[in-house]
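> sharing a model prediction with you, sequence too.
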Amino acid sequence: MAEGSARKLRRYQEMRDFGRTAEPAGGTAAGPDGHRFVVQRHRARRLHYDFRLELGGVLVSWAVPKGPTLDPKARRLAVHVEDHPIEYADFEGVIPRGEYGGGDVIVWDRGVWQPVDADPARAIEDGTLHFDLDGEKLAGRFVLVRTRRDGGDKEQWFLLHKDDEHARAGWDAEEHPRSVKSGRTNDEVAAAPTALWHGDRPAADAEETVGFPAASEDELAALAALGAKGRWSVAGRELALTNLDKVLFPADGGEPVTKRDLIRYYVTVGPAMLPYLAGRPLNTHRFPQGVTEPGFWQKEVPRHAPDWLTTWRNERADPGETQRYVVADSVATLAWLANYGALELHAWTSRAADVDHPTWVLFDIDPGPETTFDEVLQLARLHRTALEHFGLTGRPKVTGQRGIQVWVPIAPHCTFEQTRTWAETVSKTIGRVLPELVSWAWTKDKRRGRARLDYTQNVLNKTLVAPYSVRPRAGAPVSVPLEWDELDDPELAPDRWTIRDVPDRLATRGDPFAALLGLEQKLPGL
């Protein structure tokens, strides 16, 4: 870090015990031309919004008690506080109580800023800074004006929005409470933080991902001891479970699978499954009478849902469309869904915080009636070759029925139209290698028994079955992620694993999709 940046951070570092506080101590910094901004909603002794501008290798920071606004008639008090290190810009988690700034933090908004002044550092020193914001919530021309010093080292400023095309009368930050990073609220982050920072480590290594805890042995024992119904506590939540001995999957060469078994499965594999569900609206395929009866799709959160359930409201929904979706972010939510008869779970490929930009590109190898599994494997291997050619990382998974899917993580910058077009081009190129196996007809009766390479799921609110989701067939097969070399296993079958053996597979082999988490790849041009 440059000497000037280190000097700016000295007060920040003096105010913290980095052996305890889960914040970055500051290591490497972005260059002086960086123009990121972030606003973090921070519940410490009092709720406030930390407004931060990247400048000179640090985050120049103001605490705004009522939050920024787009209302040009409002003046927001902004207290100039110590500069923060660049690494803090993406922090969302909990600072331990008793430490400086103890409380929960979300990334309320972020984007880029452009100073109007030729020398923004000098403008701050002089007490007036004009700048433009281009964020996910905040946009347009803003002004920071110093009003007075309080006799200490805290300067009082006003944060104002100019009356431009982005101005909105009466706009209140508290009406937009969710994180643009995760889609979660402060309450949700406080209850289950997904990341910590360790200030006693180098800043580049400061972040520690906090996983999703599985049900404990005591909780599983309590579930087994319940009668046909009863109250059960898991992950700090109490659920009213019903019909626990109801058979949902008939025996298929073994024991039938009951609702109790389904709940046990989901709270056991939850730590591996939840990273693919958290922060995303969820579509569920419900079979309350078991898979021998027709199921139905459920998207809307029912009125009887518990208050603690994390949900996302679709503000753009038209009358008659789904208004509120479940967001699965704990094993308690998975247990509630299983008790509700939701066997199949399908998460959106985009996050609730940014539904228009997917983070996955999906390829679905959908076999026809005449397609053998060996032919499905041939097509899957061609997807591996294509991804290697493009320098992209992806992984296959068996569907638990007859097919294979390939999932590719991407940065959330492309639109659905762009990802669908890209996937279509790749799919049709692969199809030309083995044209005798592939049909592009929309309906199965016109495909003459051949497979379809389905790229059409790369659309808003179209989904594929989630990793480790159960499928509605006898025996309770599961959609299981694979390593690429497992495609060469002679014992591989699309429905090889069930809820009986997936926990053991995870314990011995781990999650092959874990290598994809957090990987933000750019789609190459075609």
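Here it is on my side, so go on.
> hey, where'd the helices end up in the stretch 51-200 of the chain?
120-126, 186-191 (DSSP state H, counting those that start in this stretch).
> could you list every helix and strand in contact with the shortest one?
Packing partners of helix 186-191 (3 or more CB pairs under 8 Å, 6 or more residues apart in numbering; DSSP states H and E): strand 36-43, strand 93-95, strand 103-115. C-beta: built from backbone N, CA, C; applies to glycine.
> distance of the closest residue to K181 other than its chain neighbours relative to V189?
Distance criterion CB to CB, 6 or more residues apart in numbering; nearest residue to K181, sequence neighbours excluded, is V107 at 4.0 Å. Applying CB to CB, to the nearest Å, one obtains 10 Å for the distance of V107 from V189.
> overlap in contacts, these two.
Contact criterion CB atoms under 8 Å, 6 or more residues apart in numbering; residues shared by V107 and V189: E92, S179, S182.
> quick one, what contacts the last one?
With contacts defined as CB under 8 Å, 6+ apart, S182 is in contact with E92, I106, V107, V189, T194, A278, G279, R351, A353.
> lowest-confidence entry in those?
pLDDT across the contacts of S182 is lowest for T194, at 74.
> check the burial of that one by counting its neighbours.
Look at T194: counted by other CB atoms under 10 Å, it has 20 neighbours.
> can you check R45 too?
Applying other CB under 10 Å, we find 8 residues neighbouring R45.
> would you mind measuring from it to D104?
Distance from R45 to D104, counting by CB to CB: 12 Å.
> now stretch 226-236: buried residues?
W232, V234, A235 (16 or more other CB atoms under 10 Å).
> among these, which are located in strands?
In this view, those that belong to strands under DSSP state E are W232, V234.
> and which of the buried residues of stretch 226-236 is nearest to V459?
Of all the buried residues of stretch 226-236, V459 sits closest to A235, with 33.2 Å by CB to CB.
> in CSV: the buried residues of stretch 226-236, plus pLDDT and distance to A121.
Output for these, formatted as CSV (pLDDT from 0 to 100; distance: CB to CB, whole Å):
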residue, pLDDT, distance to A121
W232, 97, 58
V234, 93, 52
A235, 87, 48
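> of the buried residues of stretch 226-236, closest to D134?
Nearest to D134, judged by CB to CB, of those is A235 at 38.7 Å.
> what ranges does the stretch 201-350 of the chain have for its strands?
207-209, 230-234, 237-241, 247-249, 257-258, 282-286, 296-298, 311-313, 324-326, 342-347, 350-351 (DSSP state E, counting those that start in this stretch).
> can you check the stretch 351-500 of the chain too?
So, for the stretch 351-500 of the chain - with DSSP E, counting those that start in this stretch - the strands run 354-358, 360-366, 395-398, 404-409, 452-454.
> name the helices or strands packed onto the longest one?
In terms of contacts (3+ CB pairs under 8 Å, 6+ apart), strand 360-366 is packed against helix 373-390, strand 404-409, helix 416-433, strand 452-454.
> low-confidence regions, the stretch 51-200 of the chain specifically.
Within the stretch 51-200 of the chain, the stretches with pLDDT under 70 are 96-99, 149-153, 191-192, 196-200.
> coming back round to it: the residue nearest to K181 reaches Y88, doesn't it?
No: at 10.5 Å, V107 does not count as touching Y88 under the criterion of CB atoms under 8 Å.
> more neighbours: those two, which one.
Neighbours per residue (other CB under 10 Å) separate V107 from Y88, with Y88 holding more: 24 against 21.
> so that one makes contact with E54?
No: in this structure, Y88 is not within contact of E54 by CB under 8 Å, at 10.5 Å.
> which residues touch V408?
Residues near V408 by CB under 8 Å, 6+ apart: W360, V361, L362, F363, L387, L392, T393, G394, L516, Q521.
> got a markdown table for those residues, with distance to L244, neighbour count and pLDDT too?
Output for the contacts of V408, formatted as a markdown table (distance: CB to CB, whole Å; neighbours: other CB atoms under 10 Å; pLDDT from 0 to 100):
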| residue | distance to L244 | neighbour count | pLDDT |
| --- | --- | --- | --- |
| W360 | 34 | 22 | 96 |
| V361 | 39 | 25 | 96 |
| L362 | 35 | 22 | 95 |
| F363 | 38 | 26 | 94 |
| L387 | 43 | 19 | 95 |
| L392 | 44 | 18 | 96 |
| T393 | 41 | 13 | 96 |
| G394 | 39 | 25 | 97 |
| L516 | 35 | 21 | 91 |
| Q521 | 43 | 18 | 93 |
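> need these in CSV (columns: distance to G295).
Formatted as CSV, the contacts of V408 follow (distance: CB to CB, whole Å):
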residue, distance to G295
W360, 24
V361, 28
L362, 22
F363, 25
L387, 33
L392, 35
T393, 34
G394, 30
L516, 29
Q521, 35
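> report the buried residues of stretch 112-131.
The neighbour-count check on stretch 112-131 (16+ other CB under 10 Å) flags W113, P115, P120, A123, I124, L129, H130, F131 as buried.
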